[in-house]
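Participant: Here is my input; please provide its structure:
(one chain, ligands or ions: 2)
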Amino acid sequence: MDDITALILDDHAAFRRGFARLDDASDTGQMRALWEPLALHLEIHAEAEEVILYPHLLRRGGEDAEEESLDAIRDHNKIRDAIAESRRHEVGSDPWWAAVWQARRENTEHLGEEEDEGLPDFRRHATVELRAQLGEQWLAFYGEHPDGRGLIFRDKDPERYVASAQPQDPQAQQ
Ligand SMILES: [Fe+2]
Ligand SMILES: [Fe+2]
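Facilitator: Ligands and ions are numbered 1, 2, ... in the order given. You can find the predicted model right below:
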């Protein structure tokens with residue numbers, strides 16, 4: 001089974017490619033066809049990290065785990081807000097592009113921080129078994145929520161999240 005951090009990196013690469021493809025979109029049909037699945041994937045990914053990864057990083061990460069998690073939730077909120085803003089405008093309009101670019105910049109900054117801080121911290125502190133177990137949970141999460149079905153994407157209060165986050169699977173708490 002794949003390590004959860006490898007699965008997360010796969011998604012990150014898909015996000016970078018998705019935004020790059022938007023540069024070549026030449027009509028609103030293409031823009032919509034590229035942006036809507038990308039926006040949904042960004043939302044599902046953030047939710048999956050908040051449910052599966054960050055509770056474990058908080059539990060077993062290094063001394064910066066709390067700050068890394070607070071930063072991640074703040075960044076996820078900014079990405080969600082930009083996506084929500086894009087949905088208030090006609091595809092291809094100036095305000096729509098402004099919101100898409102806001103999501104892109106927030107996402108690019110966030111991926112860098114996650115890849116250079118939170119994920120290395122998690123790799124250094126989690127066992128190989130836990131990483132594989134969470135990889136299994138990650139794939140199951142996507143399978144259980146096709147197209148995000150059953151998920152509610154809303155901003156979270158970072159401090160409250162950090163105070164109450166609990167690993168999902170009791171077996172994985174050892
Ligand atoms: Fe991520
Ligand atoms: Fe993230």
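
Participant: Residue numbers of this protein in contact with ligand 2?
Facilitator: 49, 114 (Cβ under 5 Å from the ion). C-betas here are computed from N, CA, C, even on glycine.

Participant: Strands along the chain, start to end?
Facilitator: Applying DSSP state E to the chain gives no strands.

Participant: Please list all residues in contact with the most centrally placed residue in it.
Facilitator: The centroid of the chain falls nearest to A46 when counting by Cα atoms, centre = their mean (2.7 Å). Applying Cβ atoms under 8 Å, 6 or more residues apart in numbering to A46 gives the contacts 76, 79-80, 153.

Participant: rerun at 10 Å
Facilitator: Residues counted as contacts of A46 (Cβ atoms under 10 Å, 6 or more residues apart in numbering) are 11, 72-73, 75-77, 79-80, 83, 107, 110, 153, 156.

Participant: nearest to Q137, of the residues you listed?
Facilitator: Among the contacts of A46, D11 lies closest to Q137 (Cβ to Cβ), at 14.5 Å.

Participant: Read off the pLDDT value for that closest one.
Facilitator: For D11, the pLDDT comes out at 98.

Participant: Could you check the pLDDT of the nearest residue in space to it that is not next to it in sequence?
Facilitator: Leaving aside its chain neighbours, D11 sits nearest to H45 (5.0 Å; criterion: Cβ to Cβ, 6 or more residues apart in numbering). Looking at H45, its pLDDT stands at 98.

Participant: do you know how far I44 is from R17?
Facilitator: 16 Å (Cβ to Cβ, to the nearest Å).

Participant: quick one: which of the two has more around it?
Facilitator: Applying other Cβ atoms under 10 Å to I44 and R17 shows that I44 carries more neighbours, namely 20 against 11.

Participant: Contact partners for the more buried one?
Facilitator: 11, 141-142, 145-149, 151, 153.

Participant: now I73
Facilitator: By Cβ under 10 Å, 6+ apart, the neighbours of I73 are 46, 49-50, 54, 155-162, 165.

Participant: Fine by me, we can end here.
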